[in-house]
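Undergrad: When you get a sec, could you give me coordinates for this:
(chains A and B)
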Amino acid sequence: METKVRFGGVIVSHGQVANELLSAAETVVGELGNLAAVSIGWHDDVEAAKAEIESAIKRVSRGNGVILMTDMFGGTPTNISAMFYKENEVEIVTGVNLPMVIRLATNTREMTLDEAAADIEEQGKTAITRAGKLLAPAAHRKDA
Amino acid sequence: MLEREVTIVNPLGLHARAAMKLVKVATESSSQIVIENRSCNKTANAHSILDLLTLGGSKGVTVNIRIDGDDESEAMNVIVELFESGFGEI
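TA: I've put the predicted structure just below:
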């Protein structure tokens, strides 16, 4: 699966969230050479964080573009990541969750970077559910 | 097209790593493989781990396996064995 993956991905977060999300995805899917994690410490220097993201982008790039998945819109990891936005080269999707990471790690379909970013955004949203309703739908139907 | 019904027997159900084992079998097969949980009306493409995880496949749930393709018989045997062995967890 790994060899057909088209896009690179970097998870960027406050604290250790990025490292742990990558580690969890690798436990599920296997080693992910197209993904990297940058965890920004609460007191890290902006220039140092920027250099780390830049190096991660270079490391994971496969020539089709890289998607930065950040933890929270408006937060420092997103704001620094946004400096790298470049159409057809680097996209940023916020609110990263594990299904989004797995989606990017296993996406072997022919699509543009723009479409891949939209796909990950959609996946992230659909992965948020009230599990009780999914697991026991009958209990929540009006006619039940 | 082949169809079989199996019950999920491992305590953790069709969780992430178990689902990944299913994906690996599906990826190696040339057939179309679909898993359905009729109790909550959900169908998943066995090539997609994220699809499989939305089936709500906890222990005791019965699912239908449908396989269509050249190696459907071999793929069915491997997949039924995976479910019956609790994905190697019991």
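
Undergrad: Who are the contact partners of the residue most central in space within chain B?
TA: In chain B, the centroid-proximal residue (C-alpha atoms, centre = their mean) is B:Ile35; its distance is 5.3 Å. The contact partners of B:Ile35, by C-beta atoms under 8 Å, 6 or more residues apart in numbering or on different chains, come to B:22, B:43-44, B:46, B:52, B:55, B:57, B:63-66. From N, CA and C alone the C-beta is placed, and that goes for glycine too.

Undergrad: Tell me which two in those are the farthest apart.
TA: The span of the contacts of B:Ile35, defined through C-beta to C-beta, is set by B:Gly57 and B:Arg66 at 15.2 Å.

Undergrad: Excluding residues flanking it in the chain, which one is nearest residue 73?
TA: Let's take chain A. Among residues not flanking A:Phe73 along the chain, A:Thr94 sits closest, at 4.1 Å (C-beta to C-beta, 6 or more residues apart in numbering or on different chains).

Undergrad: could you do chain B instead?
TA: B:Leu2 is the one closest to B:Ser73 (C-beta to C-beta, 6+ apart), at 6.7 Å.

Undergrad: The one you found and chain A: what is the separation?
TA: For B:Leu2, the distance to chain A equals 25 Å [C-beta to the nearest C-beta, to the nearest Å].

Undergrad: Quick one: the strands in the chain, in order.
TA: Picked chain A for this. When assigned using DSSP state E, the strands of chain A occupy the ranges A:8-14, A:35-40, A:66-70, A:90-94.

Undergrad: hmm, I had chain B in mind actually
TA: With strands called from DSSP E, chain B shows them at B:2-7, B:32-37, B:42-45, B:62-68.

Undergrad: So which of these has the densest surroundings on average?
TA: Highest mean neighbour count of the strands of chain B: strand B:32-37, a mean of 20 (counted as mean count of other C-beta atoms under 10 Å in any protein chain shown).

Undergrad: what lines up beside that strand in the sheet?
TA: Within its sheet, strand B:32-37 is paired with strand B:42-45 (antiparallel), strand B:62-68 (antiparallel), according to DSSP bridges.

Undergrad: can you name the farthest residue from the center of chain B?
TA: Going by C-alpha atoms, centre = their mean, the residue of chain B most distant from its centre is B:Asp70, 18.1 Å out.

Undergrad: thinking that one is in contact with B:Leu2, fair?
TA: No. Under the criterion of C-beta atoms under 8 Å, B:Asp70 makes no contact with B:Leu2, lying 11.9 Å away.

Undergrad: Skip the chain neighbours and tell me the closest residue to B:Glu89.
TA: B:Asn10 (4.4 Å).

Undergrad: Need the pLDDT of the one you found.
TA: At B:Asn10, the model reports a pLDDT of 94.

Undergrad: again, but for A:Arg130
TA: With respect to pLDDT, A:Arg130 has a value of 88.
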